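*Asks:* Below: sequence and its predicted model.
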Amino acid sequence: MGRRGEAEVCSYLQTRGYDIVARNWHSGRYGELDIVAQKGGELFVIEVKTRSWPCSNLPEQAVNQAKTDKLYIATQAFIVAHPQFPQQVSLWVAAVLLSQSGVVKEIKLWPV
């Protein structure tokens, strides 16, 4: 389900003019970045959370302060490893809700 949500968010971003520069990038001990996208002179790191509807908790509720801290550290590792990309970076969360049959009900994005 998680990979499906990531694929849907990538399509969503691409239709809005974003270039996907990395998916599931591993920073070693600092964790994984689900999606790294670029638009204009800015880099966007997107943490994707996917749930099937109905769900007991919303996807966005899975991103707490500890997860946010790990995202910041992994993002810094990405920037060091890929200096060719813009240094201006925004962290975002994408919440994907799927119907029980697997159809996307909703994709929400917001900055961390």
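*Replies:* Okay, I see it. Numbers count the residues shown, from 1 in each chain.

*Asks:* helix/strand/coil for residue 106?
*Replies:* At residue 106, secondary structure determined by DSSP: H, G, I helix; E, B strand; the rest coil is strand.

*Asks:* Local confidence estimate at the nearest residue to it once chain neighbours are set aside?
*Replies:* Sequence neighbours aside, residue 97 is the residue nearest to residue 106 in space, at 4.5 Å (criterion: CB to CB, 6 or more residues apart in numbering). (Glycine included, C-beta is placed from N, CA and C.) At residue 97, the predicted lDDT confidence score is 87.

*Asks:* so residue 97 makes contact with residue 53?
*Replies:* Yes: using CB atoms under 8 Å, residue 97 is in contact with residue 53, at 5.0 Å.

*Asks:* Can you point out the helix or strand that includes residue 87?
*Replies:* Taking DSSP states H and E as the definition, one finds residue 87 inside no helix or strand.

*Asks:* now do the one 3 residues further on
*Replies:* Under DSSP H and E, the secondary-structure element containing residue 90 is strand 89-98.

*Asks:* mind checking how far that strand is from the chain centre?
*Replies:* Its chain's C-alpha centre lies 5 Å from the corresponding centre of strand 89-98 when counted by CA atoms, centre = their mean, to the nearest Å.

*Asks:* contact partners of that strand?
*Replies:* Contacting residues not belonging to strand 89-98 are listed as 1, 4-5, 8-9, 12, 35, 42-53, 55, 58-60, 63, 68, 71-72, 75, 79, 104-112 [CB atoms under 8 Å, 6 or more residues apart in numbering].

*Asks:* Give me the distance between the residue nearest to the spatial centre of the chain and residue 8.
*Replies:* Centroid-nearest residue in the chain, with CA atoms, centre = their mean: residue 46, separated by 2.3 Å. As judged by CB to CB, to the nearest Å, residue 46 and residue 8 stand 12 Å apart.
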